[in-house]
Structures are given as C-alpha cells and as structure tokens.
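below: sequence and its predicted model.
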Amino acid sequence: MSADAVVLGAGSSARMGGTDKLLADLEGDPVIVWSLRAFEACQGIRSVAVTTSEHNEPEIREVVARAGLTKVRVFVRGGTSRAESVLHGLRALNSEPPDYVAVHDGARPLVTPMLIEDGLRMARVYGAAVAAVPATDTLKIVDRDRLVIRTPLRSTIWHAQTPQFARFADLLGAHERQTAMLDLYTDDVSVLEAEGLPVRVFEGSRENLKITTPDDLHAAARIVRQRLAAAAT
C-alpha cells in the first residue's frame, strides 16, 4: 500500500524575531531539511508535497535541491490557515493518489523515520493515527473570564504532535467537505474527528518538538548534537 506525505512549510514565524523558522540553521542545515530527510529515509514513503509561502518558496526549493531530496516531487502554495494548506497539499498529491498520507509540520525537525513507520502501521490498522505524548501537567478548562470550568482527568490527555496519518481518500474528502470550516481546525485528524471517524493515538517522542521560538531552536540543536555523539560511539 502506497503512502505519501504533505510537509507544511507555509506557516508564519511571528515569534522567531524576523527569522523564517523553516530556513533557520540547525547544526548546519535548515530546519525544514531535517524534517524532509526523515521522510526521504523512510521506506514507506513514496513522495512528498511541500507547502510554501510566497516569500519562502524560492529558498525552500533551493535548499531542497541542494540537499538532494529526491522524494520531494511537488511544491504548492499554502493557504490562509493550516488546514487550508493541508488541503492544497492533498490536492497536489491527488493526480496519483496514495492509499495513505502523512501530514507533518516542517518546523518539527527531530522526527525520525522510525516514528513515521510507526504511524503508517497504526494508520493501516485503524484508518487514522496521530503521534502524541501523555500529558505530565494538570490541565484546566476555563471560560472567557479565565474561571475554571473543570479539570479533565490527566490520564485522558495527550499532547498531539505530527506526523498525523490517515487514509488519503478520507482526509482529502473530509477537508473538501468542510472547506468553509477549515479555519477552526488546528490539527489534521480533527477534521476526521468532526466527521465521526476514529483516530488512534500512538506514542510520539518528547524530542519531536516544534520550532516556535529561538529557545526551541537551541533545544533542538542540543538534541541533534546528542544524537550525533551517540551515533559516533
């Protein structure tokens, strides 16, 4: 069964002090190149579509070519929201539709081929799957005045990450049917949940962090150095 990926590269970098987080240097390579390399190395992934913004598309094309990432087959302009960008990426893959698709934040550079393979296995069994880690903090549900409404049981709370996986036809169809509502969704499988489709959580990695601030970039660099040191021993 075939599987492709959509890697999101069209987001804003509002908290990065003017630096495009996807093109920021991470131990010698741009952040997005680290993300794409994991999919390049994953045997279960056939091809990758990358969403870009108007301002970063030329540079992303350049760094992808320089890195020799042969599975990146198409670049597509992102939308005004995350979910709209995903829809554009899914449509770009629809000329040769895969059986399954993975959607990943380009700003999560520490994803591994093993994590991607785990997600594909889960999606093939359950139809849809999301990498996540169990909550370690107690969370509060609050109203507009920040008054606590309730405290959910911590054991039921998982922090969603990417990649997120689904049958391609299910994810594309759900996005197409909910075009007018896409701004409401902050992750990919939520669109499936809204249509009553089951989604399975599987264990992600606490190292699979998202680059949002300069501190995140420093933390990612430490993890990369640790991985390189471990591989050298």
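All right, it came through fine.

from here on, contacts and neighbour counts on C-alpha atoms
Will do.

contact partners for the residue nearest to A24 when sequence neighbours are not counted?
Take A24 and drop its neighbours on the chain: the residue closest to it by CA to CA, 6 or more residues apart in numbering is P30, 5.3 Å away. By CA atoms under 8 Å, 6 or more residues apart in numbering, P30 lies in contact with L22, L23, A24, V63.

which of these lies closest to L90?
L22 (20.4 Å; CA to CA).

adjacent strands (with direction) for the longest strand that the chain contains?
The single longest strand within the chain, with elements called by DSSP state E, is strand 158-167. Strand 158-167 sits in its sheet next to strand 100-105 (antiparallel), strand 128-134 (antiparallel), going by DSSP bridges.

what separates the longest one from the chain centre, distance-wise?
Strand 128-134 sits 11 Å away from the centroid of its parent chain (CA atoms, centre = their mean, to the nearest Å).

could you check how many residues crowd around S95?
By other CA atoms under 10 Å, 8 other residues sit near S95.

do the same with D187
18.

thinking again about what came up before, what separation is there between the residue nearest to A24 and T179?
Separation of P30 from T179 (CA to CA, to the nearest Å): 32 Å.

got the contact list for A160?
A160 neighbours (CA under 8 Å, 6+ apart): V130, A131, A132, V133.

of all those, which comes closest to R108?
A131 (12.2 Å).

so what's the spatially most central residue of the chain closest to, chain neighbours aside?
What sits nearest the mean C-alpha location of the chain, by CA atoms, centre = their mean, is H104, with 2.0 Å. Leaving aside its sequence neighbours, H104 sits nearest to P163 (CA to CA, 6+ apart; 4.4 Å).

low-confidence stretches in the protein?
11-18 (pLDDT under 70).

returning to that earlier point: tell me which of the strands paired with strand 158-167 sits nearest to L115.
strand 128-134 (8.1 Å).

keeping just the C-alphas, turn the closest one into PDB.
Output of strand 128-134 as PDB, limited to C-alpha atoms (Å, rounded to 0.1, in the frame of the first residue of the first chain):
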ATOM      1  CA  ALA A 128      -6.100   7.200  11.100                       C
ATOM      2  CA  ALA A 129      -3.400   7.800  13.700                       C
ATOM      3  CA  VAL A 130      -1.700  10.700  15.500                       C
ATOM      4  CA  ALA A 131       1.700  10.900  17.200                       C
ATOM      5  CA  ALA A 132       1.200  12.200  20.800                       C
ATOM      6  CA  VAL A 133       2.700  12.200  24.200                       C
ATOM      7  CA  PRO A 134       0.900  11.800  27.500                       C
END
